[in-house]
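S.K.: With the sequence up front, the predicted model follows.
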Amino acid sequence: MLDQVLSSLSDGIVLGFVYGLAAMGLSLIWGVMTVINLAHGPVIALGMFGTYLFFTQAGMNPYLAILLVAVLGLLFGFVMYGVAVHRVLNAPHLSTLLATFAINMILIGIGTAVFSTSPHNVDFSMGSLDAGPITIPLTRLIAALGAVLVTVFLYSFLYFTRPGKAIRAVANNREAAELMGIPSAAVLALSFGLGTMLAAVAGGLIATFFPFTILSGGPYELKSFVICVLGGLGNPLGALLGGLILGGLEGLVPAFMPVSWVPVVEFGLFVLVLVVRPTGLFGAK
């Protein structure tokens, strides 16, 4: 029994790093511009398909493909911001919700027409790591390491570069930042692009070990909302820690009860945190 629990828990924690990376993009966009991006799930799915296409059509190593997916995700975020978000940014929250929901439906519709809803997978294996009762595929370990590296990159960018400091200034007080000469429109576009890039990279990493369809981003979007509430809305590091908590739960719950109870526990925790500590376990930023 203990071996089963350890194996399941280690799997959950490794996945939790990737969950946290996916949620980090959602948290960054909320923290900077107070926009809930309902197109987050399809962007994760596009990251999966981007990695798949570079791997199958160009014969590229999937991890190199993820680097290209990151660049394309950043550019797509700029386009999505300019087309759907910028014009309604100062409107009531419902307007941004509807705008990003419209993008969600458009991406799913186009993706279904192009890729159908049949499962695809990146057929790439690197073996596994055995440590006693614990066996972890190396693709999952590399994905966890990649999530940590991206987190370090994000924090280094936000705290040690001029554009990153501009993002933090705009997130703190947009009007004051504009008075200091910071172009808020460009900074907001960059923030949205970075959030989209994080979602696409998370999708690319997930594609290396799970089959996927154009609809696969939906569950990860829901998990991202739970993680953001756990870690604190607008707190990217909290999102990573929240991902570890959720991943650990997903690993532990099936060891003691049916797998069907996993979403019940997850969303029960979601409601509990909202009631007891609305700013999240690690505080909003």
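M.R.: Perfect, I can see it now.

S.K.: for this structure, where's the lowest mean pLDDT among helices and strands?
M.R.: strand 128-131 (a mean of 75; mean pLDDT, DSSP states H and E).

S.K.: which residues touch it?
M.R.: In this structure, residues lying in contact with strand 128-131 by Cβ atoms under 8 Å, 6 or more residues apart in numbering are T135, I136, P137, L138, L141. Yep, even glycine has a C-beta here, placed from its N, CA and C like the rest.

S.K.: One more pass at 10 Å, please.
M.R.: L6, S7, S10, I134, T135, I136, P137, L138, T139, R140, L141 (Cβ atoms under 10 Å, 6 or more residues apart in numbering).

S.K.: How about stretch 176-192?
M.R.: Counting by Cβ under 10 Å, 6+ apart, the neighbours of stretch 176-192 from elsewhere in the structure are 25, 28-29, 31-33, 35, 37, 74, 77-82, 84-86, 89, 158, 162-171, 173-175.

S.K.: Buried among those residues? Make that a PyMOL selection.
M.R.: Typed into PyMOL, the next command selects the buried ones out of those (criterion: 16 or more other Cβ atoms under 10 Å):
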select buried, resi 25+28+29+31+32+33+35+37+74+77+78+80+81+84+85+86+89+158+164+166+167+168+169+170+171+174
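
S.K.: Point out the ones among the contacts of stretch 176-192 that are inside helices.
M.R.: Among the contacts of stretch 176-192, the residues falling in helices (DSSP state H) are 25, 28-29, 31-33, 74, 77-80, 158, 162-171, 174-175.

S.K.: which strands and helices sit next to the first helix or strand past the least confident helix or strand of the chain going along the chain?
M.R.: Per DSSP states H and E, the first helix or strand lying C-terminal to strand 128-131 is strand 134-137. Applying 3 or more Cβ pairs under 10 Å, 6 or more residues apart in numbering; DSSP states H and E, one finds that strand 134-137 makes contact with helix 2-33, strand 128-131.

S.K.: Give me the residues contacting strand 134-137.
M.R.: Judged by Cβ under 10 Å, 6+ apart, the contacts made with strand 134-137 from elsewhere in the structure are 3, 6-11, 13-14, 125-130, 143-144, 208-209.

S.K.: Take it, keep the C-alpha atoms, and write them as PDB.
M.R.: Extracted as PDB, the C-alpha positions of strand 134-137 are listed here (Å, rounded to 0.1, in the frame of the first residue of the first chain):
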ATOM      1  CA  ILE A 134       8.800   4.800  -7.700                       C
ATOM      2  CA  THR A 135       9.000   4.700 -11.500                       C
ATOM      3  CA  ILE A 136       8.800   8.100 -13.300                       C
ATOM      4  CA  PRO A 137       9.000   8.500 -17.100                       C
END
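
S.K.: tell me the mean pLDDT for that strand?
M.R.: The predicted model gives strand 134-137 an average pLDDT of 77.

S.K.: Check stretch 58-68 too.
M.R.: pLDDT averaged over stretch 58-68 equals 94, rounded to a whole number.

S.K.: Could you tell me how many residues sit around the closest residue to A45 other than its chain neighbours?
M.R.: By the measure of Cβ to Cβ, 6 or more residues apart in numbering, the closest residue to A45 outside its immediate chain neighbours is G217, 3.6 Å from it. Close neighbours of G217, defined as other Cβ atoms under 10 Å, add up to 31.

S.K.: contacting residues for G217?
M.R.: G217 sits next to 22, 39-49, 104, 107-108, 111, 199, 202-203, 206, 224 when contact means Cβ under 10 Å, 6+ apart.
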